[in-house]
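Engineer: this one's structure only:
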């Protein structure tokens, strides 16, 4: 029976998903062994059934991210943090450590929407629509929220890195990456 | 001429002179012991503990422990590698090491040590995410202490080679940090040509030179192809950035 894979991008840039497409023609080989469940690649928005592997890109910066991540943990046997954002917060985590600020989130939003001469914002308000997910006080890594089984560092991890990891995982072997395939940037 | 003697590192016989540390003898013999706070030309201080080895069964730091005649030193065993992985992980978790945005990425020794030790797995430690200051007051130099690993290489270089005492440790325990001799870096007499500011001194991206950077494209950076080792690392000259 084919293994089922689900993927999602939380507070990420979809760079890791682009990297997954970077395995090029090996995608066909992968599709012989696996079937994609919920993923932006096939636009399925909900889990159709339990999955073997969950690939999560990006950390948690709002409550929707947390709910999605918890859903992934509930529905996936093996949960993999893919990329620096998922592993340690990545670029979004920069807002946690804004120097000399008692309220880094407010300062971040005010700089982005109000106090910069480089922006066009006629309403002069910070977006606050009820449809927008509530931002968290800070950006959390996946391991801060749920148990993570594996992590693949890189910004993004190269196609080869993702392929070698998935291949080893599907074959039930330990992951052995070449020196050039392990990157934190 | 000081007395010569022999000891073993992982079963390889090493020649040493009386008074040499395990690290110095290993460097002379071409055996690499990983390190972060130790660099050729500065006094060893044994603070990062990445050079941890077992000498006759006791855990010691190779950069400060004198070599002993006939002793057996374990360097690359699974146990020692486990210690080193934990130490490097803790350094990563203690500061804000955002490799994707760091100018030093690719020439950073902390990062290179992570690569060498093959650190990929999820760790048991939490990220502390401290809020530390960035000092960009100096016209030529930026100090981003979020990336500091307290190796003290800038402190020793400034004190012993530049004779300026620009940097010094401040505070104790988890509050320990590297401070400057003044309210901010611009108040000190530090200069771009100082050894403390040299690219080979700061192992991470804490001391950054303004107006320069990103010396090599991705794929050609210092640790992109080769793991950190003798000649590619700080032990025997770090080479071009």
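Structural biologist: Sure thing, it's come through. Quantities reported herein were computed from a predicted structural model and do not represent experimental measurements.
Engineer: where do the helices sit along chain A?
Structural biologist: Using DSSP state H, the helices of chain A run over A:15-21, A:26-33, A:63-75, A:84-88, A:104-113, A:142-145, A:159-171.
Engineer: where does residue B:87 sit, in terms of helix or strand?
Structural biologist: Secondary structure from DSSP states H and E places residue B:87 in helix B:78-94.
Engineer: my read is that residue B:19 contacts residue B:4, right?
Structural biologist: No - look at residue B:19 against residue B:4 with Cβ atoms under 8 Å: they stay out of range, at 11.4 Å. (C-beta placed from N, C-alpha, C; glycine too.)
Engineer: and stretch A:47-57, how far from the chain's centre?
Structural biologist: Distance of stretch A:47-57 from its chain centroid, counting by Cα atoms, centre = their mean, to the nearest Å, is 13 Å.
Engineer: before we move on, back to that, with mean neighbour count, distance to residue A:153 and mean pLDDT added, can I get the helices of chain A in TSV?
Structural biologist: Formatted as TSV, those follow (neighbours: other Cβ atoms under 10 Å in any protein chain shown; distance: least, Cβ to Cβ, whole Å; pLDDT from 0 to 100):
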stretch	mean neighbour count	distance to residue A:153	mean pLDDT
helix A:15-21	20	11	95
helix A:26-33	13	21	94
helix A:63-75	17	18	97
helix A:84-88	29	5	94
helix A:104-113	15	25	90
helix A:142-145	21	12	93
helix A:159-171	19	9	94
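Engineer: okay, those helices in TSV with distance to residue A:97 next?
Structural biologist: Shown next, in TSV, are the helices of chain A (distance: least, Cβ to Cβ, whole Å):
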stretch	distance to residue A:97
helix A:15-21	22
helix A:26-33	38
helix A:63-75	19
helix A:84-88	12
helix A:104-113	7
helix A:142-145	15
helix A:159-171	28
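Engineer: dump the ones you listed into JSON lines; add distance to chain B as well.
Structural biologist: Output for these, formatted as JSON lines (distance: least, Cβ to the nearest Cβ, whole Å):
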{"stretch": "helix A:15-21", "distance to chain B": "10"}
{"stretch": "helix A:26-33", "distance to chain B": "20"}
{"stretch": "helix A:63-75", "distance to chain B": "13"}
{"stretch": "helix A:84-88", "distance to chain B": "6"}
{"stretch": "helix A:104-113", "distance to chain B": "8"}
{"stretch": "helix A:142-145", "distance to chain B": "6"}
{"stretch": "helix A:159-171", "distance to chain B": "9"}
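Engineer: could you list the buried residues of the helix holding residue B:87?
Structural biologist: Across helix B:78-94, burial judged by 16 or more other Cβ atoms under 10 Å in any protein chain shown covers B:80, B:83, B:84, B:85, B:86, B:87, B:88, B:89, B:91, B:92, B:93, B:94.
Engineer: then stretch B:165-176?
Structural biologist: Quick answer for stretch B:165-176 (16+ other Cβ under 10 Å): B:166, B:167.
Engineer: mind checking if it is in reach of chain A?
Structural biologist: No - using Cβ under 8 Å from any Cβ of the partner chain, stretch B:165-176 stays clear of chain A, coming no nearer than 16.0 Å.
Engineer: which residue is nearest the middle of chain B?
Structural biologist: With distances taken as Cα atoms, centre = their mean, residue B:36 lies nearest the centre of chain B, 2.0 Å away.
Engineer: per-residue pLDDT of the closest residue to residue B:153 other than its chain neighbours, please?
Structural biologist: Closest residue in space to residue B:153, ignoring its immediate chain neighbours: residue B:201 at 5.1 Å, by Cβ to Cβ, 6 or more residues apart in numbering or on different chains. We have a pLDDT of 93 for residue B:201.
Engineer: residue B:201: what's it in contact with?
Structural biologist: Taking Cβ atoms under 8 Å, 6 or more residues apart in numbering or on different chains, we find residue B:201 in contact with B:39, B:153, B:154, B:157, B:195, B:207.
Engineer: how about residue B:88?
Structural biologist: Going by Cβ under 8 Å, 6+ apart, residue B:88 touches B:50, B:110, B:113, B:114, B:117, B:119.
Engineer: closest one of those residues to chain A?
Structural biologist: Comparing those against chain A with Cβ to the nearest Cβ places residue B:114 closest, at 6.5 Å.
Engineer: element containing residue B:28?
Structural biologist: Assigned by DSSP H and E, residue B:28 falls within helix B:22-29.
Engineer: repeat that for residue B:16.
Structural biologist: For residue B:16, the host element (DSSP H and E) is strand B:12-17.
Engineer: buried ones in that strand?
Structural biologist: So, applying 16+ other Cβ under 10 Å, buried residues of strand B:12-17: B:14, B:16.
Engineer: list the pairing partners of it within its sheet, with orientation.
Structural biologist: strand B:4-9 (antiparallel) (DSSP bridges).
Engineer: name the residues of chain B found near chain A, please.
Structural biologist: Residues of chain B lying near chain A (Cβ under 8 Å from any Cβ): B:92, B:96-102, B:105-106, B:111, B:114-115, B:118, B:120-123, B:126-127, B:129-134, B:146, B:218, B:224-227.
Engineer: among these, which ones are buried?
Structural biologist: Among these, those that count as buried by neighbour count (16+ other Cβ under 10 Å) are B:92, B:96-100, B:102, B:105-106, B:111, B:114-115, B:120, B:122-123, B:127, B:129, B:132, B:134, B:146, B:224, B:227.
Engineer: pretty sure the residue nearest to the centre of chain B sits against residue B:202.
Structural biologist: No - the criterion here is Cβ under 8 Å, and residue B:36 misses it with residue B:202 at 10.9 Å.
Engineer: ok, the residue nearest to the spatial centre of chain A - contacts?
Structural biologist: Among the residues of chain A, residue A:57 comes closest to the average C-alpha position under Cα atoms, centre = their mean, at 1.5 Å. If a contact means Cβ under 8 Å, 6+ apart, then residue A:57 has A:7-10, A:12, A:14-17, A:82-83, A:85-86 as its contacts.
Engineer: before we move on, the earlier item: any chance of the buried residues of helix B:78-94 in a markdown table, plus pLDDT?
Structural biologist: Below are the buried residues of helix B:78-94 laid out as a markdown table (pLDDT from 0 to 100):
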| residue | pLDDT |
| --- | --- |
| B:80 | 97 |
| B:83 | 96 |
| B:84 | 96 |
| B:85 | 95 |
| B:86 | 94 |
| B:87 | 95 |
| B:88 | 95 |
| B:89 | 93 |
| B:91 | 93 |
| B:92 | 92 |
| B:93 | 91 |
| B:94 | 91 |
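Engineer: check those against residue A:105 and report the nearest one.
Structural biologist: residue B:93 (22.2 Å; Cβ to Cβ).
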